[in-house]
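Peer 1: what follows is a predicted protein model with its sequence.
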Amino acid sequence: MNVPREGGGRVEAGDELPPLEIAVTRTLIVAGAVASRDYQDVHHDPEAARRKGSPDIFMNILTTNGLVGRYLTGCFGPAAVLRKVAIRLGTPNYPGDTMVLRGRVEEVDGDTAVVRVTGDNGVGRHVTGTVTLTLPREPGA
């Protein structure tokens with residue numbers, strides 16, 4: 001079966017996805033925490049974060065999860081469906097940094113693809129994981 005990639009072409013194991021740079025702003029961190037109903041003070045209150053040993057507020061995992069989803073639907077198109085997301089956080093995303101998401105297609109089986117995703121910032125590796133997606137079929141396939 002031909003599984004198209006956004007912009008054309010078949011998706012195959014070994015394909016490297018284009019990187020996505022995301023500016024990690026204070027607004028992104030706070031808005032992501034509020035949108036995901038994560039009211040932990042370390043995600044919105046710099047003084048509370050410092051009292052708890054962090055140099056500043058930092059992004060929560062739900063925001064990272066959403067950004068990973070945004071990255072993959074940007075690569076494969078809005079009709080791609082995320083079926084399983086298994087990510088793990090590493091170094092925090094702090095305001096003023098940039099996270100660069102990268103992906104590599106690990107396997108393709110019919111209209112299902114498994115993608116290995118990483119996200120790095122100025123401190124190190126922020127996120128690693130795998131995402132299983134159902135990809136849209138090529139018209140007429």
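Peer 2: Done, it's in.
Peer 1: drop to CA atoms for contacts and neighbour counts, all remaining ones
Peer 2: Noted.
Peer 1: separation between K52 and F58?
Peer 2: From K52 over to F58 the distance is 12 Å, taken as C-alpha to C-alpha, to the nearest Å.
Peer 1: those two: who's more crowded?
Peer 2: Between K52 and F58, counted using other C-alpha atoms under 10 Å, the more crowded position is F58 (26 against 12).
Peer 1: host element of the more buried one?
Peer 2: Assigned by DSSP states H and E, F58 belongs to no helix or strand.
Peer 1: so it sits right up against T91, yeah?
Peer 2: No: taking contacts as C-alpha atoms under 8 Å, F58 lies outside contact range of T91: 9.8 Å.
Peer 1: for stretch 42-56, which outside residues touch it?
Peer 2: Where contact means C-alpha atoms under 8 Å, 6 or more residues apart in numbering, the residues beyond stretch 42-56 that reach it are I29, V30, A33, D41, I57, F58, M59, N60, Y94, P95.
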